[in-house]
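Asker: coords please:
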Amino acid sequence: MLPTVLVVGGTGAQGTVVVRLLSESRRYAVKVPTRTTTSPQAMALTDLENVCLIEADIFNEDDLMRLFTKIDMCFINTNGFAIGEKNEIYWSIRMHNIANCAKN
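Answerer: Below is the predicted model:
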């Protein structure tokens, strides 16, 4: 069984590169949360090996708790330009706290 990596921001410009490299390594199962699994950015990842799209809102605590359950590691890349610097700092800290709660 492959270790599971959650890639938050996996449909963004930087995140898609991370998802592709993880998939090409064939060493990980990759989970990518996205608001819309049918968006062009999400659909571009559907042909990659060991990549699973999950419909979720990364700024919703219930969705985050579900996402951080049963994963081995995560890569988080939020978009400060879209949500603002203060929100990016807040959500980065909040995601870390939720990830810690989910693993216990």
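
Asker: Would it be right to say that residue 53 lies in a strand?
Answerer: Yes - under DSSP: H, G, I helix; E, B strand; the rest coil, residue 53 falls within a strand.

Asker: Please name the bridge partners of it.
Answerer: In this entry, residue 53 is beta-bridged to residue 32, by DSSP bridges.

Asker: Now tell me which helix or strand of the chain has the poorest mean pLDDT.
Answerer: Least confident helix or strand, the chain: helix 80-83 with a mean of 89, by mean pLDDT, DSSP states H and E.

Asker: Name the next helix or strand downstream of that one, please.
Answerer: helix 85-103 (DSSP states H and E).

Asker: Need the residues that contact the helix or strand containing residue 21.
Answerer: Taking DSSP H and E as the criterion, residue 21 maps to helix 13-25. Identification of contacts with helix 13-25 by Cβ atoms under 8 Å, 6 or more residues apart in numbering yields 5, 7-10, 28, 30, 32, 41, 44-45, 48-51, 75, 77. (Glycine included, C-beta is placed from N, CA and C.)

Asker: Just those residues: which are in strands?
Answerer: Among the contacts of helix 13-25, DSSP state E puts 5, 7, 8, 30, 32, 51, 75 in strands.

Asker: ok, the first one to residue 81 distance?
Answerer: To residue 81, residue 5 is 24 Å away according to Cβ to Cβ, to the nearest Å.

Asker: thinking again about what came up before, top of the ones in strands among the contacts of helix 13-25 by neighbour count?
Answerer: residue 32 (27 neighbours; other Cβ atoms under 10 Å).

Asker: Now do that residue against residue 46, distance only.
Answerer: With Cβ to Cβ as the criterion, residue 32 and residue 46 are 10 Å apart.

Asker: which stretches of the chain have low pLDDT?
Answerer: Within the chain, the stretches with pLDDT under 70 are 104.

Asker: thinking residue 29 is in contact with residue 50, fair?
Answerer: Yes - counting by Cβ atoms under 8 Å, residue 50 is a contact partner of residue 29 at 5.0 Å.
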